[in-house]
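> sequence first, predicted model second:
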Amino acid sequence: MDAMSIIKDSLRYTISDIVQLFVLSVPAIIIILLSVSSIIYFDLDFLVVLSPLYFILGIFLALFYSGLMLNVIRHTVNLNDVLPEINLKLFLLDGLKYIIVEFVLVGITGGIIYFLSEYVKLHTDFALVIFIFIIIFAIISIYLSVLNVVASGKLAQTNSLADALSFGQLREVADRIGKLKIYVTLLLAGILTSILMSFFSFLMGIPIFGVIIFAFIMTLSVVFNGRVVGLLYNERNLKENSVSVEQSDSVSSTDFDYNKYSRDDIKEGPVSQDSFEEYLESSEQEDLTQTSLTRCSKCGHSNPDFVDLCLNCGEKL
């Protein structure tokens, strides 16, 4: 699949079950409604008291959506085209693993870039040097974001952090898929996600309804991006299948044309490859393709009617 086909398939998958998509949005709707209502109805002092609770709810929501994304990837890798059902225990555990992988591959370099961009504001004398370092880490970040797609697919497939962070395997699979293909597809998915979030963010001003729509679009974006990552990871199989077909064709091309053997060349017991080759050389110009055939009652192989033994299984005809 090319980049546009992956984007189209991901959109179709995301809106294939609107009811289930809304169900997956319920935790976000509840938490966002609680946060907005507390800001409106409670004073500042009480909000300070509630801040640890909202911090915990924020962590819960981050784990929930990370787990949802990993499960969408897992469904896609397993060729399951149904949206995941809510399983809080599974989502939270998967979400923690997913965040660990994201932090190692994307978070560290992202943090370094942020630190350098803030540092240059305080030390303008080193602006050029810092800018060069920012460019270097930005390139590294792009490369790691490509590997992160493979790592997410590997984590969904094996449920192993060790496999997901095995950089040798990640590079190999990324090469099979195509690093440029991964990057272009991620770029298109990111642009589409940004447009959706920006378009619907103004609805937050509408009481209750706006929060519901925003939470729904946020869930839609997570499911969509999870599907994109899963489909990209599945592209690793295309080259494997291609190699298998080529190997099969190669084997087929070396098969002997059994229909060119006469009765005199058929002996009891196994026939050596040398005998086949000698016969092929001696009968290269012969055309026996028009000879009538007799089907073996044991294996069903079609044999020339002038042979006594099946050329496939050796059974007497």
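Now that the structure is in, tell me what you want to look at.

> alpha carbons only for contacts and neighbour counts from here, please
OK.

> endpoints of stretch 79-87, how far apart?
Start and end residues of stretch 79-87 are separated by 20 Å (C-alpha to C-alpha, to the nearest Å).

> contacts for that stretch?
13-14, 17, 20-21, 24, 68, 71-72, 75 (C-alpha atoms under 8 Å, 6 or more residues apart in numbering).

> secondary structure class for K298?
coil (DSSP: H, G, I helix; E, B strand; the rest coil).

> for F131, see how far away L231 is.
From L231 to F131 the distance is 36 Å (C-alpha to C-alpha).

> from the chain's centroid, how far away is the host helix or strand of E172?
Using DSSP states H and E, E172 maps to helix 167-177. Centroid separation for helix 167-177 versus its chain: 13 Å, with C-alpha atoms, centre = their mean, to the nearest Å.

> buried residues, it. List them.
167, 169-171, 173-174, 176-177 (16 or more other C-alpha atoms under 10 Å).

> now pLDDT and distance to A28 too, for the residues you listed, in TSV please.
What follows is the buried residues of helix 167-177, written out as TSV (pLDDT from 0 to 100; distance: C-alpha to C-alpha, whole Å):
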residue	pLDDT	distance to A28
F167	90	34
Q169	91	35
L170	93	33
R171	92	35
V173	93	34
A174	93	33
R176	92	37
I177	92	34
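
> output the below-cut-off pLDDT ranges for the stretch 1-150 of the chain.
39-47 (pLDDT under 70).

> ok, which stretches of it are helices?
Applying DSSP state H, counting those that start in this stretch to the stretch 1-150 of the chain gives helices spanning 3-14, 18-41, 44-77, 88-102, 108-122, 127-158.

> flag every buried residue along the first one.
In other words, helix 3-14. Those would be 3, 6-7, 10-11, 13-14, for helix 3-14 by 16+ other C-alpha under 10 Å.

> tell me the angle it makes with helix 44-77.
110 degrees (axes from the mean of the first three to the mean of the last three C-alpha atoms, to 10 degrees).

> elements contacting helix 3-14?
When contacts are defined as 3 or more C-alpha pairs under 8 Å, 6 or more residues apart in numbering; DSSP states H and E, helix 3-14 sits against helix 179-201, helix 209-234.

> hey, which of the ones you listed is tucked in deepest?
Mean neighbours per residue, mean count of other C-alpha atoms under 10 Å, is largest over those for helix 209-234, with a mean of 23.
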